[in-house]
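here is the input, now give the coordinates:
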Amino acid sequence: MKLLRCALYPRVSTEEQFIHGLSLPAQTKDLTDYATRMGYQIVGIYADEGVSARKPVSKRPALLRLLRDVQDNKIDIILVTKLDRWFRNIKEYQATQEILDKHNCYWKTIFEDYDTSTANGQMVVNIMLAVNQSECDRTSERIKVVLEHKVRNGEHVTGAAPYGYVTVNKKLEKDNETREIVDEIFSFYFSCFSKRKTVYHILSKYSDHPQKPTQYQISRILSSDLYAGIYRGCDDYYPAYITKEQLNMIKNTTDTKTYPHTKDAYIFSGLLSCPVCGATMTGFVKRQKLKDGSISLYKRYRCSRKFNQHSQGACISETVVEAYMLDHLCVNLSSIICSLQSSGRKQNKAPAIKAEMNRLNILYQKGRITDEYYDSQYDTLSAALKEEEANTAEEKLEKYQKIQKEFSGNWMELYRRLDASHKNAFWKRIVKKIYIDKNTHKISGFSFI
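The predicted model follows:
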């Protein structure tokens, strides 16, 4: 007799962990014991931890792996403890059931009795899913009320305190044992604008510290709003290590960060944009043999996708880019300041952005766009609206004038004394992106941070 190939699917969401203390190990043990008693051959355990059953399958990584194995005809039966561990969303359940039916795979709850082989059984499952979906909505609402109350009180609500903080009376305070390290992380980063160099520096300097951070923690510190005191859009929620302006500067520089294949420092690493695909261009060393037999080495930039996705990418010399930037930096800056001073007021784009957000909401309500598309577009529009409402012409003028003050006296002479690494840090403080013309492969302009 052929053994049934069995997959175990335990699942628990963060909300359920918060309320009931459910555990994956307990579910896994129950499922394993049942499969053993029934004589099933366990081919895999697919555990989704911290994932709600209301989420689409595309956001449940273990379930995705399970369904791929079903499609490869590796599984005959799926075991779950209860129906609400399996699904709480009727639409997602039905889509998944189609896949199972196509590959002659069925599922079973070990603590409940459901039979999907009959029309009546399928009706019962759909009814119970509707009940579970409603219960899940009510539970989520209760959790949100509790969390909103905690947020209003300034309490820490996300588990263990982040590195550099300790919880005191339910609120975060700076940790005296590690605050020096966090300060050093930010101080060193702003000296080089390189996340990778900062990681190496901190791991080396504090290698013997009893509470030294991991590489992941350092990277998270350099990308989290929390260290600027921001939580859920609330300013000054936690004691801040950096200002909001410094946080924005980190985001603008690390979002475009790329790592060249060599250890050489490149002046414009992370700043040049490919005119074909928009990807960040990377640096490399060009070797050229001269007539006298000697070898000339000079640095150039090209798109990393040039050889496997497109062949029309630009290639440009570092000396050419540097000469252009030095010639146009102050000229472009003065032009922007004059434009802001003469215009007085900028065109208000907030109404147009709000109208687009409203159109997006209507499309989502009508089911014409996916959850993923809605989330990504709404986040983009929200960020644009926030920036539009925050940055008035006067504020922009003040920011550009602040940059202009740095370029007085003999700044050019001081710049030329810098090595490549410090020149890169210099440009990343003020420039967001350098653009290259798609047709001529020459620099067409640049934007300030």
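
tell me, please, the helix or strand in this protein that averages the lowest pLDDT.
helix 14-20 (a mean of 51; mean pLDDT, DSSP states H and E).

and the very next helix or strand once past that one, what's buried?
Per DSSP states H and E, helix 14-20 leads on to helix 24-38 as the next helix or strand towards the C-terminus. For helix 24-38, burial by neighbour count (16 or more other CB atoms under 10 Å) applies to 24, 27-28, 30-32, 34-35. Backbone N, C-alpha and C define where each C-beta goes, glycine included.

by pLDDT, give me the weakest of these.
Confidence by pLDDT is poorest for residue 24 among the buried residues of helix 24-38, given 83.

quick check, it in contact with residue 10.
Yes. Here residue 24 lies in contact with residue 10, judged by CB atoms under 8 Å, at a distance of 5.0 Å.

burial measure for the nearest residue to residue 209 once chain neighbours are set aside, as a count.
Of all residues not flanking residue 209 in the chain, residue 181 sits nearest, at 6.9 Å (CB to CB, 6 or more residues apart in numbering). As a burial measure, residue 181 scores 21 neighbours (other CB atoms under 10 Å).

need the contact list for residue 181.
Applying CB atoms under 8 Å, 6 or more residues apart in numbering to residue 181 gives the contacts 164, 202, 206, 209, 211-213.

go on, residue 298?
With CB under 8 Å, 6+ apart, residue 298 has these contacts: 285-286, 288, 317-319.

show me the beta-bridge partners of it.
Note on residue 298: beta-bridge partners by DSSP bridges are residue 286.

quick one: residue 272 and residue 434 touch, right?
Yes. Counting by CB under 8 Å, residue 272 touches residue 434, with 5.0 Å between them.

what is in contact with these two at once?
By the contact definition CB under 8 Å, 6+ apart, residue 272 and residue 434 are jointly contacted by residue 321.

these two: who's more crowded?
residue 272 (28 against 21).

measure the more buried one to residue 420 for me?
Look at residue 272 and residue 420: by CB to CB, to the nearest Å, they are 15 Å apart.

also residue 25?
52 Å.

can you pull the phi/psi pair for residue 242?
phi -140, psi 170 (degrees, to the nearest 10).

count the neighbours of the closest residue to residue 385 other than its chain neighbours for me.
Leaving out its chain neighbours, the residue that sits closest to residue 385 by CB to CB, 6+ apart is residue 353, at 4.6 Å. Other residues within reach of residue 353 by the criterion other CB under 10 Å amount to 20.

same deal with residue 321?
Using other CB under 10 Å: residue 321 sits among 23 other residues.

same question for the strand or helix carrying it, mean pLDDT?
Applying DSSP H and E as the criterion places residue 321 in helix 318-343. The average pLDDT for helix 318-343 rounds to 85.

give me the distance between that helix and the centre of its chain.
The chain centre lies 32 Å from the centre of helix 318-343; the measure is CA atoms, centre = their mean, to the nearest Å.

filter the contacts of residue 298 to the buried ones?
Of the members of the contacts of residue 298, the ones counted as buried by neighbours, 16+ other CB under 10 Å, are residue 318.

end-to-end on stretch 172-187?
Across stretch 172-187, the terminal residues are separated by 22 Å (CA to CA, to the nearest Å).

where exactly do the strands run in the protein?
Ranges of strands in the chain, per DSSP state E, are 5-8, 11-12, 41-45, 48-49, 77-80, 106-109, 165-168, 171-174, 272-273, 281-289, 295-303, 315-317, 431-436, 443-448.

output the contacting helices and strands for the second one.
What it means is strand 11-12. Helices and strands touching strand 11-12, by 3 or more CB pairs under 8 Å, 6 or more residues apart in numbering; DSSP states H and E, are helix 24-38, strand 48-49, helix 83-86.

okay if I get the ones you listed as JSON lines plus distance to residue 265?
As requested, the helices and strands packed on strand 11-12 are arranged in JSON lines below (distance: least, CB to CB, whole Å):
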{"stretch": "helix 24-38", "distance to residue 265": "46"}
{"stretch": "strand 48-49", "distance to residue 265": "41"}
{"stretch": "helix 83-86", "distance to residue 265": "52"}
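
out of the ones you listed, nearest to residue 425?
Nearest of the helices and strands packed on strand 11-12 to residue 425, taken as CB to CB: strand 48-49 at 40.1 Å.

same question for that closest one, mean pLDDT?
pLDDT averaged over strand 48-49 gives 86.

also stretch 203-211?
91.

contacts for that stretch next, please.
Residues from elsewhere that reach stretch 203-211, judged by CB under 8 Å, 6+ apart: 177-178, 181, 184, 212-213, 215, 218.

enumerate every residue touching residue 60.
11, 48, 51.

pretty sure the first one is touching residue 47, no?
Yes. Counting by CB under 8 Å, residue 11 does reach residue 47; the two are 7.1 Å apart.

quick one: which of those two has more around it?
Neighbour totals were compared for residue 11 and residue 47, and residue 11 leads with 25 against 18 (other CB under 10 Å).

got the contact list for that one?
With contact set as CB under 8 Å, 6+ apart, residue 11 has these partners: 24, 27, 47-49, 51, 53, 60, 62-63, 80, 85-86.

show me what it is bridged to.
Assessed by DSSP bridges, residue 11 has beta-bridge partners residue 48.

mind listing what's buried in stretch 352-369?
Neighbour counts over stretch 352-369 (16+ other CB under 10 Å) mark 353, 356, 360, 364 as buried.

repeat for stretch 77-90
Using 16+ other CB under 10 Å as the test for burial, stretch 77-90 gives 77-81, 83-89.

between the contacts of residue 181, which sits nearest residue 2?
Ranked by distance to residue 2 (CB to CB), these are led by residue 213 at 52.4 Å.

wait, isn't that closest one in contact with residue 202?
Yes. The criterion here is CB under 8 Å, and residue 213 meets it with residue 202 at 6.6 Å.

where do the contact lists of those two overlap?
Common contacts of residue 213 and residue 202 (CB under 8 Å, 6+ apart): 181, 185.

can you give me the helices for the stretch 151-300 of the chain?
Under the criterion DSSP state H, counting those that start in this stretch, the stretch 151-300 of the chain contains helices at 179-192, 195-205, 215-221, 244-254.
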